[in-house]
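Student: Return atomic coordinates for the entry below.
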Amino acid sequence: MDSLLDRLASFLEGLPVPAWRAFECIGSTNDEALRWAEAGAADWSLVLAEEQTAGRGRHGRKWHTPPGAALAVSLILRPRPAERRWPARLTALAALALYQVLRNMAPTLPAGIKWPNDVLINGKKVAGVLVETLWEADFPQAFVVGMGVNVRKASCPPLHEQAFPATTLEDEMPAPPGRGPLLRAWLEAMIAWRERLADPAFLTAWQEALLWREALLQVESGDQTLIGRWLALEEDGRLRLQTLDGRIHLLPFGEVRLRALASDS
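Tutor: Residues are numbered from 1 along each chain as shown. This next block holds a predicted model:
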């Protein structure tokens, strides 16, 4: 097991992270980051844990984080104008940054982003992103960007706990990175892409990283189930879907479940 907490300062050296909190064991890094943000934590403050006992993803799903096997991290971001306008892009920011880091490390790695928030390798989930907001009235005071990455084999949940097939970097990469170098590379990519969040290039990069662009999709949104193909992303992160009857639907970024039924390739 790599000693992430012991060497955390060295991995963050030179990065604009003003403060961090690191835990051997915690319920949820996102919960800790939300409390810290409410107490006044600065932009880019970081929370990290070796183990989470109450980690979670979208739809209230549990995120499996055993000791020393996964990267469990939450970043506090104070809103910028583009982030207030397009908050969904912060989820894309975290997923896109990780996707590019993995592709830089292993250019032929069959990785991609499952809209809106999961990073997959070989069709299996290796990482998930959960962004939560600290509100004051109707005004966002802070965003907490939480990410969990399955690094070592022990981080993969048992089959009966997998809502979607899961994998780990150790299973998929011949030379998987340590959690410290992975954290640093992800933060560097986050910093670079955040400056371009409002650029058309950001939306293009996100869209090009998405999986299943040629697939027939089943989408559960609210009380309806749709079958169709995705056409494009809207600026606000919604997915433009054309159903088999030719109608166009704009899928909200929130409580949507997506899976591929078939592919043309």
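Student: where does Ala175 fall, phi/psi-wise?
Tutor: phi -130, psi 80 (degrees, to the nearest 10).
Student: ditto for Thr243
Tutor: Residue torsions, per degrees, to the nearest 10, at Thr243 are phi -80, psi 170.
Student: Leu102 too?
Tutor: Torsion angles at Leu102 (phi, psi; degrees, to the nearest 10) stand at phi -70, psi -40.
Student: wait, what's in contact with it?
Tutor: Applying CB atoms under 8 Å, 6 or more residues apart in numbering, we find Leu102 in contact with Leu109, Ala111, Val119, Ile121, Leu169, Met173. All C-beta atoms are positioned from the backbone trio N, CA, C, and that covers glycine.
Student: quick one: it and Ala127, what's the gap?
Tutor: In this view, Leu102 and Ala127 are 9 Å apart by CB to CB, to the nearest Å.
Student: Mutual contacts of those two, please.
Tutor: Counting by CB under 8 Å, 6+ apart, the contacts common to Leu102 and Ala127 are Val119.
Student: Can you show me the CA trace of the worst-scoring helix or strand of the chain on mean pLDDT as CSV?
Tutor: Lowest mean confidence among the helices and strands of the chain (mean pLDDT, DSSP states H and E): strand 256-263, at a mean of 78. Written as CSV, here are the backbone C-alpha positions of strand 256-263 (Å, rounded to 0.1, in the frame of the first residue of the first chain):
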residue,chain,number,x,y,z
VAL,A,256,-31.0,10.2,-15.4
ARG,A,257,-30.0,6.6,-15.9
LEU,A,258,-28.3,5.7,-19.1
ARG,A,259,-27.2,2.4,-20.7
ALA,A,260,-26.2,1.2,-24.1
LEU,A,261,-28.4,-1.3,-25.9
ALA,A,262,-26.4,-1.8,-29.1
SER,A,263,-23.6,-0.3,-31.2
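Student: now it: how far from the chain's centre is it?
Tutor: 19 Å (CA atoms, centre = their mean, to the nearest Å).
Student: For that strand, which outside residues touch it?
Tutor: By CB under 8 Å, 6+ apart, strand 256-263 touches 59, 114-116, 211-212, 214-221, 227, 239.
Student: 10 Å instead?
Tutor: Residues from elsewhere that reach strand 256-263 (CB atoms under 10 Å, 6 or more residues apart in numbering): 58-59, 114-116, 118, 123, 163-164, 211-222, 225-228, 230, 238-239, 241, 251.
Student: Quick one, which of those residues are buried?
Tutor: Buried by 16 or more other CB atoms under 10 Å: 58, 114-116, 118, 211-213, 215, 217, 219, 221, 226, 228, 230, 238-239, 241, 251, out of the contacts of strand 256-263.
Student: for the record, mean pLDDT for stretch 23-31?
Tutor: Averaging pLDDT along stretch 23-31 gives 95.
Student: now do stretch 190-198
Tutor: Mean pLDDT, stretch 190-198: 96.
Student: Would you mind measuring the gap between the ends of it?
Tutor: From its first residue to its last, stretch 190-198 covers 14 Å (CA to CA, to the nearest Å).
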